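**Student:** Provided below are the primary sequence and the corresponding predicted coordinates.
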Amino acid sequence: MSVAEEALRGLRGRGWTLGVAESLTGGAVTAEIVSVPGASVVLLGGVVAYATPVKHTLLGVDDELLARHGPVHADVALQMADGVRAAVGAAELAADVGVSTTGIAGPDSPDGQPVGTVHVAVVTPDEAVSEAHLFAGGRDEVRAQAVAAALDLLLRMTRE
């Protein structure tokens, strides 16, 4: 069973719905989740907020936080994960859980942080966790590792 399947099983078992907010992964986390049959029972939707202003306008990330630290920061990941819950909400009901990715896949760094710097976060009704990573490899490898890290964190936080 894949990590995505296990995470969806945990979400389903808790009766929780999911929203996904992605930056550097560009929809790859959402694609991995929807590859699992029955994902529609849990997944409400995903948002690719690649541009920094979209993180603020669509996901509600604090604009002062973005101005102070840029889009690649632990608190930005947390606010993205929290904000996507409302962004994908249906019939005025927010998703129970949000997962997010933000980072620098390369080949260059726009703000001086090392290429491979990634933050993933998950917000549930019970807790909010952000994890920092520094992945090695080229752009594709960094993005793949970010997807794996986001799904792993989601699984750890939703296991029954």
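**Tutor:** Structure's in. What do you need?

**Student:** pLDDT on stretch 103-116, on average?
**Tutor:** Across stretch 103-116, pLDDT averages out at 94.

**Student:** ok, and what's touching it?
**Tutor:** When contacts are defined by Cβ atoms under 8 Å, 6 or more residues apart in numbering, stretch 103-116 is touched by residues 23-24, 70, 72, 117-119, 133-139, 142-143, 146. Placement of C-beta: from N, CA and C, glycine included.

**Student:** again with stretch 40-51
**Tutor:** When contacts are defined by Cβ under 8 Å, 6+ apart, stretch 40-51 is touched by residues 8, 11-12, 16-23, 26-27, 29-30, 33-34, 55, 58-59, 80, 84, 87-90, 95.

**Student:** could you pull out the strands for the protein?
**Tutor:** Applying DSSP state E to the chain gives strands spanning 18-22, 43-48, 97-103, 117-123, 128-134.

**Student:** Turn these into TSV, columns for distance to Leu65.
**Tutor:** Shown next, in TSV, are the strands of the chain (distance: least, Cβ to Cβ, whole Å):
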stretch	distance to Leu65
strand 18-22	15
strand 43-48	18
strand 97-103	12
strand 117-123	13
strand 128-134	13
